[in-house]
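Novice: Based on what follows, work out the 3D shape:
(2 chains)
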Amino acid sequence: MNEVVGFLALVIPAMVPFVLAAQGTILSGRAGVFNVSQEGVMVLGASVGFLASFTLGGNTIGLLVAAAAGGLVGLILALATTALRMDQFVVGLALYFATLGLASLLYRVIVGVTLEPPLIELLETYPIPLLSDIPIVGEVLFDQDLVVYFAFALSFGLWWFMYRTSAGLRFRSVGENPKAADSLGVNVFRTRVWATVAGSALVAMGGAYLPMVYTGTFTEGMVAGRGWLVIALAFLGGWRPHYVVAGAAFFAGMDVLALRAQVADIAIPHQFVMMLPYVATLIVMIFAFRWARQPGFLGNNYDRESRLSG
Amino acid sequence: MTEAPRLQMTGIVKTFGPVRALNSVDFEVAPREVHGLLGGNGAGKTTLMNVLYGLYRADAGTIELDGAPVTVASPGDAIAARIGMVHQTFLQIEPYTVLENIVLGTKAARGERFDGPKARAEITELSERFGLEVDLDAVVEDLPVGVRQRVEILKALYRRSRVLILDEPTTNLAPQEVDALFASIRAMVDEDLSVILITHKIRETLGVCDRMTVMREGQRVATVTRAEATAESLAATMIGETPVTDPTDGEEVAAAVVATGLASADEVAAADAGAVSTAPVAVRVTGLRVDNDQRVEQLHGLDLELREGEVLGIAGVSGNGQVELAEAVSGVRPITGGSVRLGDRELAGAATSAWLGAGVVYVPEDRHRDGILPTSSITENLLLGSQRSTRVKSRGLIDWKAARQRAVDTISDFSIRANGPGALAGDLSGGNIQRVILARAFAHHPRFLVLHNPTRGLDLKSTEFVYEQVDAATREGACVLLLSEDLDEVITLSDRVAALYSGRLIGEWTRGQTDHYAIGRAMIGLEAQDV
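Specialist: Alright, predicted model coming up:
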């Protein structure tokens, strides 16, 4: 029993990078911008978040600076694909490589090469009064750090915004059929820009969380493919915030299991466990493609005059 | 009329690169008026309305509404100025419900949900007042075209439009639905709206419009009231010449006359009534079963027969199995049951090359997507399908010189307007693309020609050209299966007509015994029991 609770209590924080980055991916995707720079932006977020936290002191500042850096990358992606109508995939890949390099460069410039890696304080847990006293549930859900609560509140907020407000109805229409949205006076350009900036900021925060909860320092390989998994997660969750949380729980579970398999020398190779999220996504895409529908205009740029000739 | 005009557009100019699409156009609409905007393809009528709706930015000109100047730089401005537009291709969010599509982009009152009871009541009231019946909770992608059009109109009415633009609203409607639409339009005008009806169907225009403006080549040619206008005068103004090419050839006259909508097709067809072909049967389709893209069966055991030199017309509203029927009998779509025999040859299950070799030729509905390679040249497009023929091959390679010469000949034979054989097919106009496709089709010497909406979106001259080609093919003994949403076209060209409804052929009318309303009823399923 304790074993299970301990496992679940580890899964919850492991969900956070997935949840933040996947909600960011969905945010831009629902406006029609298909971002593929997540892996790089998460590494950049980890690096910048660590450095800001280390030099300025405080993980909150670290998270905010990381979000700002991610937002800037998002702004480049947004302007390149809306104002310049460049191919989203190509720009996204270019940004992946650029941010990956930038992350290491910044670390080298500011910290340099050291024998002892500099450390920041890990995030403290804030047990929520009363709720954390509930047996099992309280221990698993309500005895976590503030970013965990933020990630879940954000997910709920996004769901509520998209499906319960008229602003959300307008927002989703941009990713489904920008021409129709435009003809009803929705500003397609502006919607895409803010959604991509905010989305990329969330992706970077997902990266910044990693040094703050696990290692206390930045290493180049620490994102370890989570950025790519997040794209799969967006498809798996059918680009819906609430399903994405469920998918993140599964991905994080595999993550923790793979770690355990490595440490505890279980008979299953941890590479196999790490493969499972991808396999699961493929299976869902094959069998549930009707359910896992994606925004109708995902990945396409919109140009009012050229598509309305005649 | 001392009242200020509802809408006054003055000196509107719009250029696309070197092309002057609108050349200083003046356009005026009175309050409570249905105003027809007529013209052929490329006359500029849709462009003018896109300028009014803020989708295009005019290079020059002013717009006034009820005497006050307005700037319309985006559709948002147009909506704010209470201008509504129903586009030819509906601008709807397919996975949204009807209600969501209608309220999208409007502001709900503070504390009110976007799909709250207030919006619902208001839309229900509008739909009852104007006779636009819809189910507010249906998902739009599941609805037939006629209902989706009502959703579009409700969208504009919900935004309190005082000017409503309808772009070719009757294209996909059955005659009964057209009557209902026109009744709704009259109801709107009675409630102080002004309606602009973009169309190229003269007969309809005369039925519902108070005034008409005719455009040609980016200019306004004339504005007339219904009392002054006759169908003949409008047609002459529209095309700038007499529409009839050769008055001695009955078929061509019929084609030209019906294309302009001057006379009802029944009158023309009555001229050579009752001529039933006795030629040998060329194509026999029995028990044909076909699935759609979602693997749902669309045709459930369909039978049909075509005799040599005969045209069988299939009337119907799209989505009733037309695409599946056309693709199945031309070998493009797999057949799940039944047989298709050409002469004594069974083609069901055969490879596409066998169908081609047997003389089956298909002219698809979506010419841009299914008919051409848009980024390849005319030469290459004409070569498709005959790349193995010895005429264009030398020593195992394609003889590009011969292919090019063939393209040059075709361009002059079929009067294709293009900058030579190297022009990209995607850059041609719709009419010229259709000419390329027909030229390629006839190069295969068809025995069985399948035409799906062959003149959709084409102007008069290109339409006439297609009709001539159909005529030429049947004279050489080919039989033609014509699937078209244009009932007039089906009636004019066909020796026999049947309606396709829900994957079944309903009724059969031979030339001269056709009746618009009877076929119309069959098309929308009202006579399904009479099979």
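Novice: right, and residue B:291 touches residue B:323 too?
Specialist: No: contact criterion C-beta atoms under 8 Å: residue B:291 and residue B:323 do not qualify, at 11.5 Å. Backbone N, C-alpha and C define where each C-beta goes, glycine included.
Novice: Tell me which of these two has more neighbours.
Specialist: Shown here are residue B:291 and residue B:323; by other C-beta atoms under 10 Å in any protein chain shown, residue B:323 has more neighbours (22 against 17).
Novice: which element is that one on?
Specialist: helix B:322-329 (DSSP states H and E).
Novice: Just the buried positions in the next helix-or-strand element following that helix, please.
Specialist: Of the helices and strands lying after helix B:322-329 in sequence (DSSP H and E), the nearest is strand B:337-342. The neighbour-count check on strand B:337-342 (16 or more other C-beta atoms under 10 Å in any protein chain shown) flags B:338, B:340-342 as buried.
Novice: the inter-axis angle of strand B:337-342 versus helix B:322-329?
Specialist: When axes from the mean of the first three to the mean of the last three C-alpha atoms, to 10 degrees is applied, the directions of strand B:337-342 and helix B:322-329 differ by 60 degrees.
Novice: Outline the domain layout of chain B.
Specialist: B:1-82+B:161-227, B:94-158, B:264-359+B:445-531, B:373-441 (automatic domain parsing).
Novice: any idea of the pLDDT on residue 89?
Specialist: Reading this off chain A. We note a pLDDT of 95 for residue A:89 in this prediction.
Novice: try chain B instead
Specialist: Value for residue B:89, per-residue pLDDT: 77.
Novice: and it, what element?
Specialist: Applying DSSP H and E, one finds residue B:89 in no helix or strand.
Novice: ranges for the strands of chain A?
Specialist: Under the criterion DSSP state E, chain A contains strands at A:125-127, A:143-145.
Novice: Can you tell me which of the ones you listed is packed in deepest?
Specialist: strand A:143-145 (a mean of 20; mean count of other C-beta atoms under 10 Å in any protein chain shown).
Novice: hmm, back to that, okay, the strands of chain A in TSV with mean pLDDT and distance to residue B:20 next?
Specialist: Conversion of the strands of chain A to TSV gives the following (pLDDT from 0 to 100; distance: least, C-beta to C-beta, whole Å):
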stretch	mean pLDDT	distance to residue B:20
strand A:125-127	90	68
strand A:143-145	92	65
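Novice: picking up where we left off before, using JSON lines, please lay out the buried residues of strand B:337-342 together with pLDDT.
Specialist: Shown next, in JSON lines, are the buried residues of strand B:337-342 (pLDDT from 0 to 100):
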{"residue": "B:338", "pLDDT": "91"}
{"residue": "B:340", "pLDDT": "93"}
{"residue": "B:341", "pLDDT": "92"}
{"residue": "B:342", "pLDDT": "91"}
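Novice: re earlier: possible to save the domains of chain B as CSV with distance to residue A:194?
Specialist: What follows is the domains of chain B, written out as CSV (distance: least, C-beta to C-beta, whole Å):
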stretch, distance to residue A:194
domain B:1-82+B:161-227, 17
domain B:94-158, 17
domain B:264-359+B:445-531, 36
domain B:373-441, 35
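Novice: for those, which one sits closest to residue A:173?
Specialist: Comparison of the domains of chain B against residue A:173 by C-beta to C-beta identifies domain B:94-158 as nearest, at 5.6 Å.
Novice: Ends of the closest one, what's the gap?
Specialist: With C-alpha to C-alpha, to the nearest Å as the measure, the ends of domain B:94-158 fall 19 Å from one another.
Novice: Stretch B:11-20 too?
Specialist: 13 Å.
Novice: Next, the buried residues of it.
Specialist: So, applying 16+ other C-beta under 10 Å, buried residues of stretch B:11-20: B:12-14, B:20.
Novice: rewinding a little: among the buried residues of strand B:337-342, which are within reach of chain A?
Specialist: By C-beta under 8 Å from any C-beta of the partner chain, no member of those lies near chain A.
Novice: Closest to chain A out of those?
Specialist: residue B:338 (28.4 Å; C-beta to the nearest C-beta).
Novice: Mind giving me the packing neighbours of the helix holding residue B:323?
Specialist: strand B:281-291, strand B:297-307, strand B:360-363, strand B:448-452, strand B:479-484 (3 or more C-beta pairs under 8 Å, 6 or more residues apart in numbering or on different chains; DSSP states H and E).
Novice: From the contact counts, what lies against the fourth one?
Specialist: Judged by 3+ C-beta pairs under 8 Å, 6+ apart, the packing partners of strand B:448-452 are helix B:322-329, strand B:360-363, helix B:460-475, strand B:479-484.
Novice: ditto for the third one
Specialist: With contacts defined as 3+ C-beta pairs under 8 Å, 6+ apart, strand B:360-363 has these neighbours: helix B:322-329, helix B:430-443, strand B:448-452.
Novice: and the next element down the chain from that strand?
Specialist: By DSSP H and E, the next helix or strand past strand B:360-363 is helix B:378-383.
Novice: Off-centre distance for the longest helix seen in chain A?
Specialist: Ordering each helix of chain A by length in residues (DSSP state H) puts helix A:2-30 first. Computed by C-alpha atoms, centre = their mean, to the nearest Å, the separation of helix A:2-30 from the middle of its chain amounts to 9 Å.
Novice: What are the buried residues along it?
Specialist: A:8-30.
Novice: if you skip the residues just before and after it, what's nearest to residue A:97?
Specialist: Nearest non-adjacent residue to residue A:97, counting by C-beta to C-beta, 6 or more residues apart in numbering or on different chains: residue A:40, 6.7 Å away.
Novice: The one you found contacts residue A:94, doesn't it?
Specialist: No: counting by C-beta under 8 Å, residue A:40 does not reach residue A:94; the two are 9.6 Å apart.
Novice: higher neighbour count, those two?
Specialist: Using other C-beta under 10 Å, the more surrounded residue of residue A:40 and residue A:94 is residue A:40, with 27 against 17.
Novice: tell me the mean pLDDT for the longest helix of chain A?
Specialist: 94.
Novice: Quick check: the residue nearest the centre of chain B vs residue A:93, distance?
Specialist: For chain B, the residue nearest the mean C-alpha position is residue B:456 (3.9 Å; C-alpha atoms, centre = their mean). Using C-beta to C-beta, to the nearest Å, residue B:456 is found at 40 Å from residue A:93.
Novice: Going along the chain, name the helices of the stretch 151-300 of chain A.
Specialist: A:166-176, A:178-183, A:188-210, A:226-236, A:241-264, A:270-287 (DSSP state H, counting those that start in this stretch).
Novice: Assign residue B:221 to helix, strand or coil.
Specialist: Three-state call for residue B:221 (DSSP: H, G, I helix; E, B strand; the rest coil): strand.
Novice: burial of it, as a residue count?
Specialist: Other residues close to residue B:221 by other C-beta under 10 Å number 15.
Novice: what does the one 5 residues further on give?
Specialist: A total of 15 residues lie near residue B:226 under the criterion other C-beta under 10 Å.
Novice: contacting residues for it?
Specialist: In this structure, residue B:226 makes contact with B:206, B:209-212, judged by C-beta atoms under 8 Å, 6 or more residues apart in numbering or on different chains.
Novice: can you name the farthest residue from the center of chain B?
Specialist: residue B:395 (44.8 Å).
Novice: re earlier: need the winner for burial among the helices and strands packed on strand B:360-363.
Specialist: strand B:448-452 (a mean of 27).
Novice: Alpha carbons of that one, as CSV, please.
Specialist: Extracted in CSV, the C-alpha atoms of strand B:448-452 (Å, rounded to 0.1, in the frame of the first residue of the first chain):
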residue,chain,number,x,y,z
PHE,B,448,-18.3,5.3,-72.1
LEU,B,449,-18.0,8.8,-70.8
VAL,B,450,-18.8,9.7,-67.2
LEU,B,451,-19.3,13.4,-66.6
HIS,B,452,-19.8,14.8,-63.1
